[in-house]
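> here is a sequence with its predicted model. Questions after.
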Amino acid sequence: MFPPLSPKADAFVSRYFEREILPVVTPIAVDAAHPFPRRWSGSRNLVVSVVSDDGRQKPYGVVLVHPSLPRVVNVPEGAGEVAVLLEHVIARHLRDLFPNDAISTASVSPADGSR
């Protein structure tokens, strides 16, 4: 769960997403014509259940998270920092990655592929 943040810290997270994360993540819609993508070794990925704006349930989407990204984002908060998991930052911005869809659920796919 994403921790509650001050408006200043929330703005930092949004800038961090736009500057550091967005250029290296790959959102993919998965359906019969687009099978589950090959994953990078050691990567964590978000599996997203989506509903299109016209109300149709899509099978799901995947956000491939490049393994070069840090696991934890240190967010300045007050006089210190708050550690926020990378997948929580991405989940908070899924609407930016799937702009024509409503996100119903999102979960992390482990780096080793286990369930």
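Structure's in. What do you need? Residues are numbered from 1 along each chain as shown.

> okay, and the residue nearest the centre of the chain sits in which element?
For the chain, the residue sitting closest to the mean C-alpha position, by C-alpha atoms, centre = their mean, is residue 90 at 2.9 Å. Following DSSP states H and E, the helix or strand that holds residue 90 is helix 86-92.

> likewise residue 107?
Here residue 107 is covered by strand 101-109, with elements defined by DSSP H and E.

> hmm, what's the outermost residue in the chain?
Note on the chain: the largest separation between a C-alpha and the mean C-alpha position, by C-alpha atoms, centre = their mean, falls on residue 79 (27.3 Å).

> any idea how far that one is from residue 5?
Here residue 79 is placed at a distance of 14 Å from residue 5 (C-beta to C-beta, to the nearest Å). From N, CA and C alone the C-beta is placed, and that goes for glycine too.

> likewise residue 66?
Noted for residue 66: a distance of 24 Å to residue 5, by C-beta to C-beta.

> these two: which is more packed in?
The neighbour count for residue 66 versus residue 5, taken as other C-beta atoms under 10 Å, is higher for residue 5 (17 against 14).

> got a list of what the nearest residue to residue 69 once chain neighbours are set aside touches?
Excluding its sequence neighbours, the residue lying closest to residue 69 (C-beta to C-beta, 6 or more residues apart in numbering) is residue 86, at 5.8 Å. For residue 86, the contacting residues are 21, 44, 65, 69, 70, 71, 72, 73, taking C-beta atoms under 8 Å, 6 or more residues apart in numbering as the criterion.

> please indicate which of those residues are buried?
When burial is judged by neighbour count using 16 or more other C-beta atoms under 10 Å, the buried members of those are 21, 44, 65, 69, 73.

> and the residues you listed as TSV, adding pLDDT, secondary structure and distance to residue 57?
Conversion of those to TSV gives the following (pLDDT from 0 to 100; DSSP: H, G, I helix; E, B strand; the rest coil; distance: C-beta to C-beta, whole Å):
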residue	pLDDT	secondary structure	distance to residue 57
21	94	helix	27
44	77	coil	25
65	83	strand	24
69	91	coil	30
73	95	strand	31
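
> from the residues you listed, which is closest to residue 108?
residue 44 (5.7 Å; C-beta to C-beta).
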